[in-house]
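Colleague: next comes the sequence, and after it the predicted model I'd like to discuss.
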Amino acid sequence: MVALPDKYIIFHGAIVLMVGLLTGFPLRQAIIRAKPESTRAWRVAHSVLVMDGLMMLMIGLAVPRLALGKLAISVLVWALVISGYGFVTAFTIGAWKGCRGLAPRPYGLNTVLYGAHILGASGSVLGMAMIIYGFYRALN
């Protein structure tokens, strides 16, 4: 039986994966319409979100094997959930509106997308560090 934190990360990972799969439809349209910049943006959104969703699903299955306390597991789960939704926001809205969000300027939507990228990247790094630490402790 899967514990509650595992269910959260698996559930939210499935949502991120579904959004990633759904971005395949605008990617197809961009390819058909021969729009190279739009195609690139939707291809990045599609591949990153599918990979991130799959990563979250795999980590959800690995959580019971980590040697971490309840608070650390909670931080791990929510760091990855926030990361997943940060990337969903940054990549889908960025591809839809034609913004990259790799720098905070020009201010406005680009700043919001930049913040979403920062949330996604920092949550992923924190989550991976905790997974490595949890597995390291489990080995000893």
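Modeller: That came through, no problem.

Colleague: only C-alpha atoms from now on, for both contacts and neighbour counts.
Modeller: Will do.

Colleague: secondary structure element for the residue sitting nearest the centre point of the chain?
Modeller: Central residue of the chain (C-alpha atoms, centre = their mean): Gly84, 2.7 Å from the mean position. Assessed by DSSP states H and E, Gly84 sits inside helix 70-97.

Colleague: quick one: that helix to chain centroid distance?
Modeller: Remark: helix 70-97 is offset 5 Å from the chain centroid, using C-alpha atoms, centre = their mean, to the nearest Å.

Colleague: for stretch 86-104, same thing?
Modeller: Taking C-alpha atoms, centre = their mean, the mean C-alpha location of stretch 86-104 is offset from the chain mean by 13 Å.

Colleague: where are the low-confidence patches of the chain?
Modeller: 1-3 (pLDDT under 70).

Colleague: who are the packing partners of the longest helix seen in it?
Modeller: Among the segments of the chain that qualify as a helix by DSSP state H, the longest is helix 109-139. For helix 109-139, the contact count by 3 or more C-alpha pairs under 8 Å, 6 or more residues apart in numbering; DSSP states H and E identifies helix 70-97 as packing neighbours.

Colleague: now do the buried residues in the helix it packs on.
Modeller: 73-95 (16 or more other C-alpha atoms under 10 Å).

Colleague: and Leu68, which of the three is it?
Modeller: coil (DSSP: H, G, I helix; E, B strand; the rest coil).

Colleague: and it, its phi and psi?
Modeller: Backbone torsions for Leu68, taken as degrees, to the nearest 10, come to phi -130, psi 150.

Colleague: what's the spacing between it and His12?
Modeller: From Leu68 across to His12, the span is 21 Å (C-alpha to C-alpha, to the nearest Å).

Colleague: Leu102 now?
Modeller: 25 Å.

Colleague: more neighbours, the two?
Modeller: His12 (22 against 16; other C-alpha atoms under 10 Å).
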